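>>> structure, please.
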Amino acid sequence: MVRAGAVCLLLALCALVILALVREQTGTPGFLVGLGLATLPVPLLLAAFRWLDRVEPGPWRNLLFAFGWGAFAAALVAILANSFATRWIATATADPASADTLGATVIAPVVEESAKAVAILLIFLVRRRDFTGIVDGVVVAGFTATGFAFTENILYLGNAFGEDQAFGTSGLGSVTAATFFVRIVMSPFAHPLFTVLTGIGFGIAALWPRRRRIRRVLLPLLGLLLAMGMHALWNGSTTLFGPWGFYAVYAAFMVPAFGLLTWWSIWTRQRELRTIAAQLPAYAVAGWLTNPEPRALSSMRARTLARDFARRTWGRPAAHAVSEYETYATSLAFLRHRAHRGTAGPDFVERERELLHHLWVRREVAAPSLAYAARATGRVAVPPPHRDYDVFNPYRATP
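The predicted structure follows:
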């Protein structure tokens, strides 16, 4: 509780400082216009990343921390470090134009991606139980980068509005309209795309056994370096490739990379559903689950039907209980999968006992709901061949 309070206080202080700095640069009218326009893509991006996380939703406290860190702490570090480094280079070289170019193409990618990566690292270390694979890395990175882009967009759009006010321009030919089109319409996914590479590095590291320490360190660093490289290419596109370089990099690199990572993230989510289908039959054989449940739990449509059935039959509390049951069953499947890979950790038996207990106290309403969903979706369970499943049962006497 004390730690959570300290984190909230730190983020609140960072928020006050960074928003004050942005308002100082843009002026109050520009700040308000930038704030309103920068908010527009945020719900869509967060909803997309949350949808990706539906199989085993991460705790909201982690995601809110990630967003807050990106929007306030990482943005504050970036604005201070970038400004200091650019001024120092300009003073040392007596060439402000080159200093601005170097700051945008080299300094900013290194500083900003490192600052955003801290949020992923902290959740990876402190909330390790909630960080189990690639999807978790992608989602945490996506929330962090969306927060960062939100604050950065306030600054850019606010400055653009101030420039329009100074020169009396408005409408589609204004700097504000052009900035809005480039940053909000064309590339709202830019910062998430960069930082997702870091998140993937941490996600792959989470899948490796703990004894693979070198790989568990190198993979996040590799992801961070790729994020910096892509960010540098994006920022330096005009400088490196001429006036049309931005559009060339956007069409030839950014859009295909975004499509590829989107496809891979969705494929990874489908793989998670296959993991559930493969791991939960062990608990059906042991008597913890009914036969239809593993098949129903490995289908997002069946899960939704089970919650709807419980809501219609017993009310909202029952639907909530089924939702919790689905979450605990998913965590149980992933825990067993990690145990097979040697990454479950020493508390595997204790954690398995805890999850089975949560399932047991909710099974009265969850079992018939999932059985109905299995029938409704045609996912008829086929009992697996008998084998020696090593499933802990705290309610069964051991000889």
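
>>> any low-confidence regions in this protein?
Along the chain, the model assigns pLDDT under 70 to residues 379-399.

>>> biggest helix in it, by residue count?
Of all the elements of type helix in the chain, the one with the most residues (DSSP state H) is helix 2-39.

>>> show me what it is packed up against.
Helix 2-39 makes packing contacts with helix 60-68, helix 75-93, helix 134-167, helix 175-180 when contacts are defined by 3 or more CB pairs under 8 Å, 6 or more residues apart in numbering; DSSP states H and E. Just so you know, the C-beta spots here come from the backbone N, C-alpha and C atoms, and that holds for glycine as well.

>>> so which of those gets nearest Asp100?
helix 75-93 (6.3 Å; CB to CB).

>>> returning to what we had before: next helix or strand past the longest helix of the chain?
Going down the chain from helix 2-39, the next helix or strand is helix 42-52, by DSSP states H and E.

>>> what does that next one rub up against?
The contact list for helix 42-52 (CB atoms under 8 Å, 6 or more residues apart in numbering) reads 57, 63, 67, 135, 138-139, 142-143, 146, 150, 188-189, 192, 265-266, 269.

>>> for that helix, the distance to its chain's centre please.
Distance of helix 42-52 from the chain centroid (CA atoms, centre = their mean, to the nearest Å) equals 9 Å.

>>> try stretch 208-216
Here stretch 208-216 shows a centroid-to-chain-centroid distance of 22 Å under the convention CA atoms, centre = their mean.

>>> how about residues contacting it?
Judged by CB under 8 Å, 6+ apart, the contacts made with stretch 208-216 from elsewhere in the structure are Ala205, Leu219, Arg341, Gly342, Thr343, Gly345.

>>> what angle do the longest helix of the chain and helix 60-68 make?
Using axes from the mean of the first three to the mean of the last three CA atoms, to 10 degrees, one finds that helix 2-39 and helix 60-68 are set 50 degrees apart in direction.

>>> how far away from the center of its chain is helix 2-39?
In this view, helix 2-39 has its centroid 21 Å away from the chain centroid, taken as CA atoms, centre = their mean.

>>> what comes up buried for it?
Within helix 2-39, the residues scored as buried using 16 or more other CB atoms under 10 Å are 7, 11, 14-15, 17-19, 21-23, 26-27, 30-31, 33-35, 37-38.

>>> so what's the most centrally placed residue in the chain up against?
With the centre of the chain defined as its mean C-alpha position, the nearest residue by CA atoms, centre = their mean is Val139, 1.5 Å away. When the contact criterion is CB under 8 Å, 6+ apart, the partners of Val139 are Phe49, Arg50, Leu52, Asp53, Gly58, Leu63, Gly199.

>>> repeat that with 6 Å
Applying CB atoms under 6 Å, 6 or more residues apart in numbering, we find Val139 in contact with Phe49, Asp53.

>>> Val140 now?
Ala66, Ile120, Ile123, Gly199.

>>> redo these as TSV? Include neighbour count and secondary structure.
Formatted as TSV, the contacts of Val140 follow (neighbours: other CB atoms under 10 Å; DSSP: H, G, I helix; E, B strand; the rest coil):
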residue	neighbour count	secondary structure
Ala66	29	helix
Ile120	28	helix
Ile123	28	helix
Gly199	35	helix
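
>>> which among the contacts of helix 42-52 count as buried?
Using 16+ other CB under 10 Å as the burial test, the contacts of helix 42-52 include 63, 67, 135, 138-139, 142-143, 146, 150, 188-189, 192, 265, 269 as buried.

>>> Leu80: which of those is nearest?
Here the nearest of the buried ones among the contacts of helix 42-52 to Leu80, counting by CB to CB, is Phe150; it sits at 18.0 Å.

>>> contact partners for the closest one?
Contact partners of Phe150, counting by CB under 6 Å, 6+ apart, are Ala38, Val42, Ala71.

>>> repeat that for Val22.
The neighbourhood of Val22, defined by CB under 6 Å, 6+ apart, consists of Ile154, Leu155.

>>> could you rerun that using 10 Å?
Contacts were defined as CB atoms under 10 Å, 6 or more residues apart in numbering; by that measure Val22 touches 30-31, 34-35, 75-76, 79, 151-152, 154-156, 158-159.

>>> about what we covered before: the residue nearest to the centre of the chain and Arg338, how far apart?
As judged by CB to CB, to the nearest Å, Val139 and Arg338 stand 18 Å apart.

>>> tell me the SS of the nearest residue to Ala78 once chain neighbours are set aside?
Using CB to CB, 6 or more residues apart in numbering and skipping residues adjacent in sequence, the residue nearest Ala78 is Glu112, 4.7 Å away. Per DSSP: H, G, I helix; E, B strand; the rest coil, the local secondary structure of Glu112 is helix.

>>> if I look at Glu112, how far off is Asp136?
Using CB to CB, which is the criterion applied here, Glu112 is 22 Å from Asp136.

>>> follow-up on the earlier one: which one of the contacts of Phe150 sits closest to Lys116?
Ranking the contacts of Phe150 by separation from Lys116, with CB to CB as the measure, puts Ala71 on top at 10.5 Å.

>>> neighbours of the closest one, how many?
Residue crowding around Ala71 was assessed by other CB atoms under 10 Å; the count is 26.

>>> what of Thr238?
In terms of burial, Thr238 registers 17 neighbours under the definition other CB under 10 Å.

>>> and it, how far from Ala108?
Taken as CB to CB, the spacing of Thr238 relative to Ala108 amounts to 14 Å.

>>> picking up where we left off before, secondary structure for the contacts of stretch 208-216 - can I get that in JSON lines?
Listed next are the contacts of stretch 208-216 as JSON lines, based on three-state DSSP:
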{"residue": "Ala205", "secondary structure": "helix"}
{"residue": "Leu219", "secondary structure": "helix"}
{"residue": "Arg341", "secondary structure": "helix"}
{"residue": "Gly342", "secondary structure": "coil"}
{"residue": "Thr343", "secondary structure": "coil"}
{"residue": "Gly345", "secondary structure": "coil"}
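
>>> from those residues, which would you call buried?
Here, 16+ other CB under 10 Å leaves Ala205, Leu219, Thr343 buried among those.

>>> closest to Ala99 among those residues?
Proximity of those to Ala99, judged by CB to CB, is greatest for Leu219, which lies at 33.9 Å.

>>> fine by me, we can end here.
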